[in-house]
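need coordinates for the following:
(one chain, ligands or ions: 1)
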Amino acid sequence: MSVKQHAVRSGPSYWKATGPEPIECPCLEGHVTCEAAVVGAGITGALVSDMLIQSGVDTVLVDRGAVGAGSTAASTGLLLYEIDKPLIELIQHVGERHAVHAYRRGVTAILELEELTSELGPQCDFVRRNALYLASEPLDFIDLTSEHQCRQHFGFNVSLLSAEGLKTLCGLQAHGALYSTGDAEVNPYSLTHSLVTRAQKNGLRAFAETRVIQTDDVAGGVKLQTDAGLIEAKQVVFATGYFAAPILSSASAELLTSYVVTSQPLPRIDRWPDDCLIWETADPYFYLRRTADGRAMIGGEDTPYSKDHQDDQLLSEKAERLAKRFRTMFPGSDFQPEYVWGGTFAETKDGLPFIGRAVGHDRIYHALGYGGNGITFSMIAARLIRDLILRRPNDDADVFRFGR
Ligand SMILES: Cc1cc2nc3c(=O)[nH]c(=O)nc-3n(C[C@H](O)[C@H](O)[C@H](O)COP(=O)(O)OP(=O)(O)OC[C@H]3O[C@@H](n4cnc5c(N)ncnc54)[C@H](O)[C@@H]3O)c2cc1C
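Have a look, this model is predicted:
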């Protein structure tokens, strides 16, 4: 099969501008064989490759561009265990067992990322953060009250704040909020680079500027035709992010564009409790985090087409609206936009990612961390795909499988 692809982000990424130098990888020319080929060197492909190499699987990683330059460079790097669908709603979609499993798995995926980044080093900027989930409308507070009861019932550490309670905590104005522990933030671009660098030291063969143009099942494996070479692998993992959308009708994900603005460094803002992650019940939601160098990174204002980020006029209008929203939330703050970008984003019907064996192909796997929690999903995908390849059992398989 061969696929037409378009860019997944536009505008300068703060992570790329301030991050590590691109990793030097050759372009694949000629013929290589391996046990596992991973297509896509974003955060997902980097996690999968590192995990496979750690497990002794001879692995080749290829990317049509540079390491981490796809959606990973557009991500805001919030690590939330609470997915875009509240637990109470997710239970209605997928049943209690799978919904609670997905939420608990989010908590452990963040723990796994914490352990991983402590091995890789401080450049990944992993920081534990609380999360404040604001009620945008008065009626939303009723939903938050039910969500609070539900999450408490299943053992999650979360407090419910009334509008008054929120004001007392930090002075922010909303119709109430959930305040939870268990979340974190990371620099997704540095993390991806650190993972690929470590995996290369441990034997990963990584190729950049190497586009897979044709995939064929053959006896005992899969053949990947690239622009200038050929890979013969026993198993193939597609970690191609939103580039994969055209071939994945079974994932039935809705593609849109989301926008991000990163400010110049700001002084500490008193109303922002513990520099926590902030988001809200409105759809699309406004969300924000701090960066390691004291900037505010804010996002939202989603529009319904996947290529909207290519429209410069729209990009600057969205940036203006986001900045205005920040100044309203924190009056007196001197928010000066420095980096503005937009990227393709996707939502699945139940809010969960699709990870697992491709329907009808025994040796091909897809790792699609669709949704606002893409990076936590990538961590889940890395373990799950490693276990599928090594024929080990894994409790996540059923929850995130294709065709569910
Ligand atoms: C604006 C925005 C904000 C976000 N914020 C967050 C957040 O706060 N927290 C969070 O968890 N998630 C967030 N996400 C989602 C997160 O960024 C993605 O889930 C994640 O980056 C996906 O990583 P990936 O490695 O799967 O995809 P990508 O980073 O896109 O990597 C896929 C790679 O595949 C390569 N590729 C594609 N096709 C081929 C081919 N044919 N041959 C070879 N290579 C190929 C591409 O070049 C690319 O490098 C956000 C996304 C956006 C757009």
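
so how far is Ile380 from the residue of the stretch 251-400 of the chain found nearest the ligand?
Scanning the stretch 251-400 of the chain for the residue nearest the ligand gives Gly374, at 1.8 Å (criterion: Cβ to the nearest ligand atom). All C-beta atoms are positioned from the backbone trio N, CA, C, and that covers glycine. Computed as Cβ to Cβ, to the nearest Å, the Gly374 to Ile380 distance reads 11 Å.

is it correct that the residue of the stretch 251-400 of the chain closest to the ligand is in contact with Thr76?
No. Gly374 lies out of contact with Thr76 (Cβ atoms under 8 Å); the separation is 10.2 Å.

quick one on the thing from earlier: now for Gly374 and Ile380: what residues contact both?
Common contacts of Gly374 and Ile380 (Cβ atoms under 8 Å, 6 or more residues apart in numbering): Pro353.

need the contact list for the closest residue to Asp63 other than its chain neighbours.
Excluding its sequence neighbours, the residue lying closest to Asp63 (Cβ to Cβ, 6 or more residues apart in numbering) is Ala41, at 3.7 Å. Counting by Cβ under 8 Å, 6+ apart, Ala41 touches 49, 61-63, 66-68, 192, 196, 206, 208, 239.

recalculate using a threshold of 6 Å.
By Cβ atoms under 6 Å, 6 or more residues apart in numbering, the residues touching Ala41 are 61, 63, 67.

mind pulling up the pLDDT for it?
As predicted, Ala41 sits at a pLDDT of 98.

try Leu255
Leu255 is assigned a predicted lDDT (pLDDT) of 83.

got a list of contacts for the lowest-mean-pLDDT helix or strand in the chain?
Ranked by mean pLDDT, DSSP states H and E, the weakest helix or strand in the chain is strand 9-10, scoring a mean of 83. Contact partners of strand 9-10, identified using Cβ under 6 Å, 6+ apart, comprise 74, 309-310, 342-343.

and if you look at stretch 303-315?
Taking Cβ under 6 Å, 6+ apart as the rule, stretch 303-315 contacts 10-11, 255-257, 342-344.

can you flag which of those belong to helices?
Among these, none falls in helices (DSSP state H).

farthest-separated two in those?
The largest separation in those, counting by Cβ to Cβ, is between Gly11 and Leu255 at 17.8 Å.

what count of nearby residues applies to the closest residue to Val340 other than its chain neighbours?
The shortest distance from Val340 to any non-neighbouring residue, by Cβ to Cβ, 6+ apart, is to Ala319 (4.3 Å). By the measure other Cβ atoms under 10 Å, the count of residues near Ala319 is 21.

check which helix or strand Ala319 maps to.
Ala319 is part of helix 312-329 when elements are defined by DSSP states H and E.

so where's the stretch 151-300 of the chain shaky on pLDDT?
Applying pLDDT under 70 to the stretch 151-300 of the chain flags the ranges 244-252.

return only those of the contacts of stretch 303-315 found close to the ligand.
Counting by Cβ under 6 Å from any ligand atom, Gly343 from the contacts of stretch 303-315 sit close to the ligand.

circling back: need the pLDDT of the closest residue to the residue of the stretch 251-400 of the chain closest to the ligand other than its chain neighbours.
What sits nearest to Gly374 in space, not counting adjacent residues and going by Cβ to Cβ, 6+ apart, is Ser75, at 6.6 Å. In this model, Ser75 is scored at 96, pLDDT.

relative to the ligand, how far out is Ser75?
Applying Cβ to the nearest ligand atom, to the nearest Å, the value for Ser75 to the ligand is 3 Å.

number of nearby residues for that residue?
Using other Cβ under 10 Å, Ser75 has 27 neighbouring residues.

test my guess that it contacts Tyr189.
No. The pair Ser75 / Tyr189 is not scored as a contact, 8.2 Å apart, by Cβ atoms under 6 Å.

re the thing from before, of Gly11 and Leu255, who's got more company?
Between Gly11 and Leu255, counting by other Cβ under 10 Å, Gly11 is the more crowded of the two (20 against 17).

Gln181 touches Asn130, doesn't it?
In this structure residue 181 is Thr, not Gln. Yes. Contact between Thr181 and Asn130 holds when scored by Cβ under 6 Å: they sit 5.5 Å apart.
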